[in-house]
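# Need the 3D shape of this:
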Amino acid sequence: MVRFNCILRCAVLCLMLLVCNSSVLVAQTHKAVPTSINASCGGYYEYLPVGYDTAFKRGYPLIVFLHGVGDLGNGKLPQLHTITNEALPRLIERKGFPDSFVVNNFTFRFIVLSPQFIRKPGPSDVGDVIRYAQANYNVDPSRIYLTGTSMGGGSAWDYAQFSSETSGKLAALLSVCGQSDPTTGTPDIIAKSKLPVWATHNNNDPIVPFRFTYLFVQAINAAILPGGEPARLTIFNSTLHDAWTQTYDPSFTEQSENVYQWMLRHSRPEFARPVEIVDFKAFIEDSEKIDISWTTTGEQYVQSFVLEYSTDGITFIALDTITGQNGVSDNVYSYVDVRANYGEHYYRLRRMDLNGTNHNSNPVSVTRSVTPVTEEPVINGIKIYPNPVVNYVEIDAGLQFAKSIAVLVTDLNGRIVHRESRLLAVDHLKLRIQAQHWQKGIYFIQVLVDNRVMASRKLIR
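Numbers count the residues shown, from 1 in each chain. I've put the predicted structure just below:
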């Protein structure tokens, strides 16, 4: 009986461990984190995507959500729970936030941080949250998005217009009924940094005047630079202050995209983590060609790879251009060089990014050589040697009971590099052809006896 109870307890313990381990994998990813970020922020809510991986090379897009005045608090429990009462945190808490979004055929999963402040956050407070997120989470630095409602929407405006540095750090800005007066600010900074903006507001908002949002968008679009995207304004017909429920609803779309898809359509490629090229190599598996392959990790914003070739490792020429895959996982590329002659060969990759910049890899090299043939073949009594050729080619015609012999040597392009003919004055004839002036490469030789081809062979110089 004692043994049975022991076995039963072990079984229950194993089951509990299994359940606990499983819960780590499928547990709610939205949780309160009562950890201070600075003097104004004592905690935050954290949303991590399913399958979040700290080692993911590319990193995850980040949304920083700034709450309204009604959710001010010390960042500790239970006050921190009020963050989930409205807007984006409420949507996440109630399982209404999609696990992933597909934009331009790529799948993205967000990290969302919703800090709680004791007072209206200023630009330095928002900057501290972004820096904290980058230091503690696997954030893609080219995809940082800022959004907020009411007071938080105003803080989002204030951060973006504070300086070109703050505005330029963001990939996109979404302000919802933002409480900030553009007439006392500098919205032209937002325009000059080419920051994509989407602003929403109810036309009869009783708390924050609709004109704030309207004037912000108008001022940005008046100062927009060539290549900049006009700020987008969405007006809801409502007498309520709540413009956030509809804005953050994934089913709400404008121009065939919701606010999350719109965010992901924008990025700051200049801040992207460098693409890592691993296992770049050139190798020979078939004596007639050279294989080149490489693998990338964390690849994004890559337009193409230009494969370059050199015979000395110094001066390179372009061989071919291969379109970038920009896949989430490792991307594998391969190329076959069938034109390479024998000798030393160098290859290099030039990565062309979508923003016009390019980066060269370190070169790799391979030697294409031929093992000399120790026993020369005899074709119809004719021996042609040595092969590979160094300084000369010798033809041993043997005993040919004929009147004449001719030799023709051509290169790969069919160009004649040597032609010679003789009458047979003796029974045994040897010819020596000087080859010091031949370029390295592949040649073809034909031996004709009485105008009939008696021997053909490929030569290597």
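# tell me the secondary structure for the spatially closest residue to residue 460 that is not a sequence neighbour?
Leaving aside its sequence neighbours, residue 460 sits nearest to residue 388 (CB to CB, 6 or more residues apart in numbering; 4.0 Å). Quick note: C-beta positions are derived from backbone N, CA and C, even for glycine. With DSSP: H, G, I helix; E, B strand; the rest coil as the basis, residue 388 sits in coil.
# Would you confirm that residue 388 contacts residue 443?
No - counting by CB atoms under 8 Å, residue 388 stays clear of residue 443, with 10.3 Å between them.
# which residues of the chain fall in helices?
Along the chain, counting by DSSP state H, helices occupy 2-26, 87-93, 123-136, 151-162, 164-169, 188-192, 210-222, 244-248, 259-264.
# what's the least confident stretch among the ones you listed?
Note on the helices of the chain: helix 2-26 shows the lowest mean pLDDT, a mean of 41.
# who's in contact with the nearest residue to residue 179 once chain neighbours are set aside?
Leaving aside its chain neighbours, residue 179 sits nearest to residue 154 (3.7 Å; criterion: CB to CB, 6+ apart). Counting by CB atoms under 8 Å, 6 or more residues apart in numbering, residue 154 touches 120, 148, 175, 178-180, 208, 212.
# What of residue 379?
By CB under 8 Å, 6+ apart, the residues touching residue 379 are 454-457.
# Got the confidence number for it?
Taking residue 379 on its own, its pLDDT is 71.
# for residue 1, same thing?
The model reports residue 1 with a pLDDT of 43.
# Confirm for me that residue 142 is in contact with residue 171.
Yes - using CB under 8 Å, residue 142 is in contact with residue 171, at 6.5 Å.
# Name the residues contacting each of those two.
When contacts are counted by CB under 8 Å, 6+ apart, the set common to residue 142 and residue 171 consists of 267-268.
# Neighbour count: these two, which is higher?
Using other CB atoms under 10 Å as the criterion, residue 142 and residue 171 rank with residue 171 on top: 24 against 19.
# hang on, isn't the more buried one packed against residue 266?
Yes - using CB under 8 Å, residue 171 is in contact with residue 266, at 5.0 Å.
# joint contacts of those two?
Residues touching both residue 171 and residue 266 comprise residue 196, with contact defined as CB under 8 Å, 6+ apart.
# could you check the distance from residue 133 over to residue 148?
Plainly put, residue 133 is 15 Å away from residue 148 if you go by CB to CB, to the nearest Å.
# so how many other residues sit close to residue 177?
30.
# next one: residue 122
15.
# just the buried members of the contacts of residue 379?
The neighbour-count criterion (16 or more other CB atoms under 10 Å) marks 454-455, 457 among the contacts of residue 379 as buried.
# any idea how far residue 118 lies from residue 352?
Distance, residue 118 to residue 352, by CB to CB: 48 Å.
# Low-confidence stretches in the stretch 301-450 of the chain?
Along the stretch 301-450 of the chain, segments meeting pLDDT under 70 span 327-329, 339-342, 354-356, 369-377, 398-402, 424-428.
# Start from the N-terminal end of it and give the strands.
With DSSP state E, counting those that start in this stretch as the criterion, the stretch 301-450 of the chain has strands at 302-310, 317-323, 331-337, 343-353, 358-360, 364-368, 378-379, 382-385, 392-399, 404-411, 416-423, 428-434, 442-449.
# The stretch 51-200 of the chain too?
Under DSSP E, counting those that start in this stretch, the stretch 51-200 of the chain gives strands at 60-66, 101-103, 106-108, 111-117, 139-149, 172-176, 197-202.
# Name the residues of stretch 352-367 that come out as buried.
352-353, 361, 363-364, 366.
# out of those residues, who's nearest residue 301?
residue 353 (5.3 Å; CB to CB).
# what sits against residue 273?
Residue 273 touches 57-59, 140-142, 298, counting by CB under 8 Å, 6+ apart.
# same question, residue 34
Going by CB under 8 Å, 6+ apart, residue 34 touches 42-43, 75-77, 80.
# can you check residue 70 too?
Shown in contact with residue 70 (CB under 8 Å, 6+ apart): 82, 85-86.
# and the gap between it and residue 257?
For residue 70 relative to residue 257 (CB to CB), the value is 29 Å.
# Kindly state the domain boundaries assigned to the protein.
Structurally, the chain divides into domains by the TED database as follows: 29-271, 276-368, 378-460.
# got the end-to-end distance for the first one?
Going back to what we said before, that points to domain 29-271. Its start and end residues considered, domain 29-271 measures 27 Å (CA to CA, to the nearest Å).
# Show me how far that domain is from its chain's centre.
Domain 29-271 sits 25 Å away from the centroid of its parent chain (CA atoms, centre = their mean, to the nearest Å).
# please renumber so the chain begins at 514
That works, and once the first residue is 514, the last one we named lands at domain 542-784.
# follow-up on the earlier one: count the residues that sit near the residue nearest to residue 973.
Residue 901 - counted by other CB under 10 Å - has 14 other residues nearby.
# same deal with residue 934?
12.
# Wait, residue 967 touches residue 958, no?
No - with contact defined as CB under 8 Å, residue 967 does not reach residue 958; the gap is 11.7 Å.
# Including distance to residue 756 and neighbour count, could the contacts of residue 667 go into JSON lines?
Shown next, in JSON lines, are the contacts of residue 667 (distance: CB to CB, whole Å; neighbours: other CB atoms under 10 Å):
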{"residue": "633", "distance to residue 756": "19", "neighbour count": "18"}
{"residue": "661", "distance to residue 756": "12", "neighbour count": "31"}
{"residue": "688", "distance to residue 756": "10", "neighbour count": "31"}
{"residue": "691", "distance to residue 756": "10", "neighbour count": "30"}
{"residue": "692", "distance to residue 756": "12", "neighbour count": "23"}
{"residue": "693", "distance to residue 756": "15", "neighbour count": "22"}
{"residue": "721", "distance to residue 756": "9", "neighbour count": "23"}
{"residue": "725", "distance to residue 756": "12", "neighbour count": "23"}
